[in-house]
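Visitor: Here is my input; please provide its structure:
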Amino acid sequence: MDVVLLILVLLGFTVLSIKLAAHFLDVDSPGAVRCVFATVLAVIISSVLSVLIGTGGPSMVVSFFVTAVMYTLVFSVNTIVGFVLAAVATGIQVAFFFVALALGLSVVGLNLA
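Guide: Next up is the predicted model:
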């Protein structure tokens, strides 16, 4: 049950950050299903590529580019807007997690087994 709750919260943060970034950039408001689809597709492709590339900085850069390309394709925007959308969404996600950390929320102690 804890794993399902954790996945739902992470997807909620992801969808909300993409929708906020799209609103900031005046992109047509994407639906929640399109946001989840773009995120899941980007995560799957990035995971496969990280196995081929390895971990660390190069993997993060490739993951960012893959995410930007997925946003460009799924949301039907030009490439620059896709990259800016990925950067703004990543910034919002980092801010969300810093706020959660400041509030004392964490996933430590969840029974993930």
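Visitor: Would you mind listing where the protein has pLDDT under the threshold?
Guide: For the chain, residues meeting the criterion pLDDT under 70 lie at 1, 29, 105-113.
Visitor: how does it look with 50?
Guide: By pLDDT under 50, the low-scoring segments of the chain are 113.
Visitor: Helices along that one, start to end?
Guide: With helices called from DSSP state H, the chain shows them at 2-24, 32-53, 57-75, 79-102.
Visitor: Tabulate those (JSON lines), appending mean neighbour count.
Guide: Just so you know, the C-beta spots here come from the backbone N, C-alpha and C atoms, and that holds for glycine as well. Below are the helices of the chain laid out as JSON lines (neighbours: other C-beta atoms under 10 Å):
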{"stretch": "helix 2-24", "mean neighbour count": "15"}
{"stretch": "helix 32-53", "mean neighbour count": "16"}
{"stretch": "helix 57-75", "mean neighbour count": "18"}
{"stretch": "helix 79-102", "mean neighbour count": "16"}
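Visitor: Can you pull up the most central residue in the chain?
Guide: The chain has residue 14 as the residue nearest its centroid, 4.9 Å off, counting by C-alpha atoms, centre = their mean.
Visitor: Hmm, residue 35 and that one touching each other?
Guide: Yes - contact between residue 14 and residue 35 holds when scored by C-beta atoms under 8 Å: they sit 7.1 Å apart.
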